[in-house]
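> have a look at this prediction, sequence included:
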Amino acid sequence: MKIEKIRLTHVRLPLVEPFKISNGVVSEKDGIIVQIHSDGLVGVGEASPMSGSFYSEETPESTWDFLRNSLAPTVLSRQPSSVKEINKLLNPIGGNFYARAGVETAFWDLQAQRRAVPLSQALGGTRDNIESGLAVGIYPTIKELLAAIERHLKEGYKRVKIKIQPGWDCEPLKEVRRAFGSTKLMVDANCAYTRSDMDHLKKLDEFDLVMIEQPLSKDDLEGHAQLQDASKTPICLDEGAKDVSTIERAIRLGSCRIVNIKIQRVGGLQNAIAMHDLCAHAGIPVWGGTMPELGIGSAQTVHLATLNNFCYPTDVESSSRWFVDDIVDPPIEVHDGTLTIPAGVGNCHQLNETKLKKYVVREETF
Ligand SMILES: [Mg+2]
């Protein structure tokens, strides 16, 4: 196998509506598409940090710089020939998870295409469809929150996730419960609370939530263990589930009963599978979260979530839920709350060149 060419395309797409979480707001989505040309095939990956630096230290700009100045030249000169070899090359590099995910997932796509199987099968998945859940951000008023949920629930999503923060938790939850009755419901705090909020967070038990995602700071595994001990509701780590050794520690401490695995946040699919396997062995169910990514990254999460221990609906939603337009054909579509992998090999979704050109910020070929 010879890697002949790597093409990086930084695109920026408008969101249908601004997305606000406890630590920031975005109204556009950046993604860097990585195309690796080898032996007549093109493997496609996506590096997809949020713009700004409120979710991760990495931004589209820092990810672009690292891909351009370091990863693309290194991959071309070292010529890794498999997913295993690219991971051997990438994993010793500290940080830069999103850039690494962009390159690593392109290798998986290449490998699946070479075997002429869908990515899900190359990853060890056992299904061709998964359940999808609706995630909504923080709105100026409860009325607007309820209207947003109602608008989107028509697509049949299998659960609702709302973002919370101090001052925006019990009241909106009470109203969502009142309006949507027995709908499966969960919350995500994106690290917005501290240990001094412990008594308040215990009150969330009364809403019969599927889980509370990342209530405390990402490094506070002990605090999460205390909260899990005091709460009936399962705690789920997201930002805090950084890598295999952190999850091992979290399991030992009892910090969570569920883990959210994001391909981008952990530097690619092989690391995601290692985390999945560790959790499966420990009896901890996982599910697939999103940034949210553009079509390529979203599709990869769907493929990954066909593995056995992905037990809850994914955050991947229809392309049209987030983006005025998406860069893949076919777009990601939820039908009756279900995402089905289209027929094909590799990612099973093709890049749309016209749309790449329309939304390009910068492009470079190596
Ligand atoms: Mg989260």
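Perfect, I can see it now.

> report the beta-bridge partners for the residue of the stretch 1-150 of the chain found nearest the ion.
In the stretch 1-150 of the chain, the residue found nearest to the ion is I21; the distance is 8.1 Å by C-beta to the ion. In this view, the C-beta of every residue, glycine as well, is placed from N, C-alpha and C. Beta-bridge partners recorded for I21 (DSSP bridges): G24.

> what number of residues lie near it?
Applying other C-beta atoms under 10 Å, we find 21 residues neighbouring I21.

> write out the residues of the stretch 101-250 of the chain neighbouring the ion.
D188, E213, D238 (C-beta under 5 Å from the ion).

> now, those residues that are in strands?
D188, E213 (DSSP state E).

> for the residues of the stretch 101-250 of the chain next to the ion, pick the one with the most neighbours.
Within these, E213 tops the neighbour count with 29 neighbours, counted by other C-beta under 10 Å.

> quick check: it vs P234, distance?
Between E213 and P234 the distance is 10 Å, computed by C-beta to C-beta, to the nearest Å.

> and for I247?
For I247, the distance to P234 - C-beta to C-beta - is 15 Å.

> pLDDT value on the closest residue to V328 other than its chain neighbours, please?
Excluding the flanking residues, the one nearest V328 by C-beta to C-beta, 6 or more residues apart in numbering is G295, at 3.1 Å. The model reports G295 with a pLDDT of 98.

> for stretch 146-155, the distance to its chain's centre please.
22 Å (C-alpha atoms, centre = their mean, to the nearest Å).

> average pLDDT for that stretch?
Averaging pLDDT residue by residue across stretch 146-155 gives 92.

> now the helices for the stretch 101-250 of the chain?
119-123, 142-153, 170-180, 198-202, 221-230, 244-253 (DSSP state H, counting those that start in this stretch).

> so which of those helices is the most surrounded?
helix 119-123 (a mean of 22; mean count of other C-beta atoms under 10 Å).

> what's the model's confidence in that helix, averaged?
Per-residue scores along helix 119-123 average to 98.

> how distant is that helix from the center of its chain?
17 Å.

> could you shift the numbering so residue one becomes 14, and keep it that way?
That works, and once the first residue is 14, the last one we named lands at helix 132-136.

> ok so, going back, neighbours of the residue nearest to V341, just the number please.
Neighbour tally, G308, other C-beta under 10 Å: 28.

> thinking it is in contact with P344, fair?
Yes. G308 lies in contact with P344 (C-beta atoms under 8 Å); the separation is 6.5 Å.

> which residues touch the nearest residue to N322 once chain neighbours are set aside?
If you skip the residues right next to it in sequence, N322 has A293 as its closest partner in space, 3.8 Å away by C-beta to C-beta, 6+ apart. Taking C-beta atoms under 8 Å, 6 or more residues apart in numbering, we find A293 in contact with V299, N321, N322.

> of all those, which comes closest to the ion?
Once C-beta to the ion is applied, the member of the contacts of A293 that ends up nearest the ion is V299, at 12.9 Å.

> the closest one contacts N321, correct?
No. Using C-beta under 8 Å, V299 and N321 do not qualify as a contacting pair, with a distance of 10.1 Å.

> these two: who's more crowded?
Neighbours were counted for V299 and for N321 using other C-beta under 10 Å; V299 has more, 26 against 13.
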